[in-house]
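Peer 1: Okay, predicted coordinates and the sequence, questions at the end:
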Amino acid sequence: MRIDTMSVVVARIEDGVLLMEINNPPVNALSQPVRAGLVEALERLAADDTLRGGVIAGAGGTFIAGADIKEFGKPPAPPLLPDVLAAIEACPKPVVAALQGAALGGGLELALACDARVAQAGTVLGLPEVALGIIPGAGGTQRLPRLTGVSTALRLIGTGERLSAEAAKALGIVDEVAPDAVSAAIACRPGKRPVSKLPVPAEAADVIAKAEAAALKAGKSRPAVMEAIAAVKAAATLPFAEGLAQERDAFLNLRTSPEAAALRHMFFAEREAVRLPAALRAKPRRVETVAVIGAGTMGRGIAQSALEAGLTVILYDLNAELLATAGEALRTALAERAAAGKIAADLAGNARLVLARTWADIVPADLVIEAVFEDLAVKQEVFRQIDAHARLGAVLATNTSYLDVDVIAAATARPQDVLGLHFFSPANVMKLLEVVRGAHSAPDLAATGMEFGKHLKKLPVLCGNGFGFIGNRIYNAYRTQCEYMLEDGAWPEDIDTALETFGFAMGPFAVADLSGLDIAWRMRAAQAAMRDARKRYVPVLDHLCEQGRFGRKSGAGYYTYAEGRRSAGTDDTVRSIIEAASAARGLTRRTLAPEIIQRRSLAAMVNEAALLLAGGIAQRASDIDVVLVQGYGFPRFAGGPVYWARTQDRTTLERDLDIIAAATGFGFERGPLDLLLTESAP
Ligand code: T1G
């Protein structure tokens with residue numbers, strides 16, 4: 001019998017149980033109508049003597065992905081989620097949660113308020129609130145520790161870790177894993193047994209302290225992580241109702257924080273980035289077999305990603321030894337990933353990996369991607385070979401990080417099939433993928449590249465063809481500005497510390513040392529003849545390399561390294577190289593305050609972002625934020641450079657641009673700030 005079909009919660013009776021099915025696509029987020037529908041259905045359950053219990057389930061293959069993130073900026077409308085959970089606990093009949101798809105955030109909290117939880121295999125469970133700069137706001141910090149103990153709850157809530165149904169069962173979070181959650185939940189007769197009435201299991205203090213330290217480290221001690229830890233620990237000392245009230249206060253405070261707003265921006269920006277503008281939508285070409293040219297680190301990483309996605313991979317390299325090593329390394333890596341439960345066991349075998357030493361072997365490939373040395377002539381030669389052997393209609397992709405995709409395409413007779421696919425290292429780990437459309441790329445190529453990226457579980461971002469695409473172009477402007485600051489008076493450690501304090505994973509000079517200075521040195525040497533002498537040029541890196549200081553791998557670069565550890569500061573050699581550069585430019589060195597360093601660095605990024613957007617290299621402003629956060633260590637909690645710019649005072653921002661314009665001098669191009677600050681996604 002159907003009771004209510006109008007509401008987003010459809011209730012019907014099955015076997016004496018009221019099945020309350022939430023139907024709020026795409027992910028059954030707990031928007032106000034859902035909350036209201038649940039309260040109404042629970043009242044009906046309580047009032048109807050013929051019903052023995054209730055089951056809450058989700059339609060469309062998923063339970064509930066949590067509170068509706070779109071509602072966060074708005075004042076909450078009743079009934080609130082805690083009201084719904086209170087109604088579940090207060091209901092005299094047992095209520096069972098039938099979990100499938102996603103049971104996340106408020107969705108899992110709702111399930112924890114039920115009397116039992118049945119999860120279908122394949123369900124993902126977790127309290128990922130800290131990733132949004134908040135903490136669970138509906139009892140998650142109080143109920144979860146009552147089931148798992150404080151240390152496990154610290155891990156799960158403090159890091160936002162997501163669990164499989166089986167892992168959740170092992171931790172006591174769900175009672176049963178079943179092939180069909182709804183029928184198992186209907187069959188389940190748990191009796192009334194609210195989690196809130198359970199004691200928090202006792203644990204040794206050092207176990208809790210260890211879990212706390214790990215969560216703090218993983219979450220970089222951001223405010224939400226600190227609050228999450230405090231709330232979970234409070235569960236062990238406070239009565240349930242008091243713990244709940246404290247949790248709610250912290251949740252409400254964090255919800256309106258600038259950091260939470262920035263993280264929400266990133267949540268939606270990442271989902272927007274993978275969507276093609278209407279004009280570029282097309283049926284993607286089918287990609288089942290991928291040829292990867294070059295068995296170096298990058299080629300291997302790409303091959304691993306493709307193998308993990310279930311594709312067939314032809315790994316080509318002329319060097320037999322390198323190829324054999326790569327094949328072995330891939331087999332080991334996949335076996336390890338399967339053993340750790342990260343990929344399905346059937347993906348671990350080597351059946352879909354073909355090691356190839358002749359070009360004719362790449363013929364079956366639907367997509368060929370080269371990952372050879374970053375040198376135009378080398379890439380062009382490889383593309384001539386690919387052109388001569390790849391099948392008609394195959395996608396020919398280059399993994400170049402800054403070279404001109406059109407010039408590479410011109411080495412082939414089929415530039416319409418050529419695309420840039422810029423992976424980030426390590427390619428099997430990093431999610432970012434820049435998909436670069438060339439001037440001659442066929443209309444379906446962008447869609448093919450984006451779809452291929454999604455299939456590899458990457459975060460593909462569409463870019464136009466221009467030096468360094470989005471990421472390296474902005475990073476280049478940023479690093480150059482940091483070099484100017486070296487000459488102006490700051491030491492590398494001043495700059496690195498200021499930017500790490502802002503939230504970057506690493507400062508630019510520590511990054512340069514890590515990736516090696518020699519590559520940049522060679523590139524600079526190659527470009528020396530073309531450089532306009534009027535442009536400001538900082539020779540510090542060249543002089544470091546002349547002294548054999550190539551960065552971490554040579555034991556010294558901007559910093560020195562002993563047993564792999566970076567020195568706190570720079571040594572006299574480096575300082576005198578920098579001082580000499582300042583003197584040669586006629587500059588009197590002056591101290592730069594951390595805030596000046598931060599603002600000049602960010603202004604350089606913002607200016608370049610404006611130029612990229614105006615030039616059509618980036619499709620939307622938020623894509624730039626996604627690239628910088630995902631690929632370059634820009635702090636996620638600051639929302640990316642464009643988001644940051646939009647939260648700044650306009651006059652101050654203009655003044656920052658004046659400062660970097662003066663520091664750059666000849667050749668400075670000012671980006672259209674108006675466009676960057678007001679553009680809304682197409
Ligand atoms: N609210 C609103 N929209 C959401 C949403 C949510 N919670 N989750 C997903 N969407 C939209 C998303 O924007 C996209 O929309 C579509 O759903 C598909 O998502 C009180 C405060 C569920 C595992 O953090 O992890 O509960 O782009 O592209 O890869 O304590 O989305 O199509 O228009 O990601 O299949 C906690 C976040 C909230 C879960 C599905 N919950 N979501 O992944 O598809 S805070 C989360 C996810 C909370 C309580 C607190 C994933 C997913 P569109 P998708 P997917």
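Peer 2: Perfect, thanks for sending it.
Peer 1: CA only for contacts and neighbour counts going forward, please
Peer 2: Noted.
Peer 1: how about the residues of the chain that lie near the ligand?
Peer 2: 26-27, 29, 65-70, 102, 104-106, 128-129, 136-138, 268, 271 (CA under 6 Å from any ligand atom).
Peer 1: Can you list which of those residues are found in strands?
Peer 2: 102, 104 (DSSP state E).
Peer 1: What is the burial count for residue 420?
Peer 2: 34 (other CA atoms under 10 Å).
Peer 1: Any quick ChimeraX command for the buried ones out of the residues of the chain next to the ligand?
Peer 2: Of those, the buried ones go into a single ChimeraX selection, burial set by 16 or more other CA atoms under 10 Å:
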select :27,29,65,66,67,102,104,105,106,128,129,136,137,138
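Peer 1: how far is stretch 174-184 from where the chain is centred?
Peer 2: 31 Å (CA atoms, centre = their mean, to the nearest Å).
Peer 1: so residue 198 sits right up against residue 145, yeah?
Peer 2: No: in this structure, residue 198 is not within contact of residue 145 by CA atoms under 8 Å, at 9.7 Å.
Peer 1: Could you tell me the backbone phi and psi angles at residue 263?
Peer 2: phi -70, psi -30 (degrees, to the nearest 10).
Peer 1: coming back round to it: so between residue 198 and residue 145, which is more surrounded?
Peer 2: Using other CA under 10 Å, the more surrounded residue of residue 198 and residue 145 is residue 145, with 26 against 13.
Peer 1: so who does the more buried one touch?
Peer 2: 151, 152, 153, 200, 201, 232, 235, 236 (CA atoms under 8 Å, 6 or more residues apart in numbering).
Peer 1: Is it possible to get CSV of these that adds pLDDT?
Peer 2: Listed next are the contacts of residue 145 as CSV, based on pLDDT from 0 to 100:
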residue, pLDDT
151, 98
152, 98
153, 98
200, 97
201, 96
232, 98
235, 97
236, 96
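Peer 1: Just the buried residues of those.
Peer 2: Here, 16+ other CA under 10 Å leaves 151, 152, 153, 200, 232, 235, 236 buried among the contacts of residue 145.
Peer 1: now the residues you listed in a markdown table, with distance to residue 159 and secondary structure?
Peer 2: Below are those laid out as a markdown table (distance: CA to CA, whole Å; DSSP: H, G, I helix; E, B strand; the rest coil):
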| residue | distance to residue 159 | secondary structure |
| --- | --- | --- |
| 151 | 12 | helix |
| 152 | 11 | helix |
| 153 | 10 | helix |
| 200 | 20 | coil |
| 232 | 13 | helix |
| 235 | 18 | helix |
| 236 | 19 | coil |
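Peer 1: of those residues, closest to the ligand?
Peer 2: residue 232 (13.3 Å; CA to the nearest ligand atom).
Peer 1: need the contact list for that closest one.
Peer 2: With CA under 8 Å, 6+ apart, residue 232 has these contacts: 141, 142, 145, 150, 153, 154.
Peer 1: Against residue 236, how distant is the fifth one?
Peer 2: For residue 153, the distance to residue 236 (CA to CA, to the nearest Å) stands at 11 Å.
Peer 1: again with the fourth one
Peer 2: Residue 150 sits 7 Å away from residue 236 when distances are taken as CA to CA.
Peer 1: Same question for the last one.
Peer 2: As judged by CA to CA, residue 154 and residue 236 stand 12 Å apart.
Peer 1: try the first one
Peer 2: To residue 236, residue 141 is 10 Å away according to CA to CA.
Peer 1: cool, residue 482 as well?
Peer 2: From residue 482 to residue 236 the distance is 48 Å (CA to CA).
Peer 1: okay, residue 402: pLDDT?
Peer 2: With respect to pLDDT, residue 402 scores 89.
Peer 1: What is the burial count for it?
Peer 2: 18.
Peer 1: Surely it and residue 470 touch.
Peer 2: No: Residue 402 sits out of contact with residue 470 when judged by CA under 8 Å, with a separation of 9.4 Å.
Peer 1: Distance from the chain centre to stretch 123-133, please.
Peer 2: That offset, for stretch 123-133, works out to 14 Å (CA atoms, centre = their mean).
Peer 1: List the buried residues in the helix or strand hosting residue 336.
Peer 2: Per DSSP states H and E: residue 336 is located in helix 320-339. By 16+ other CA under 10 Å, the buried positions in helix 320-339 come out as 323, 326, 327, 330, 331, 334, 335, 337, 338.
Peer 1: continuing past that helix, what's the next helix or strand?
Peer 2: Counting by DSSP H and E, what follows helix 320-339 is strand 353-356.
Peer 1: what helices or strands is that following strand leaning on?
Peer 2: On a contact count with 3 or more CA pairs under 8 Å, 6 or more residues apart in numbering; DSSP states H and E, strand 353-356 meets strand 312-316, helix 320-339.
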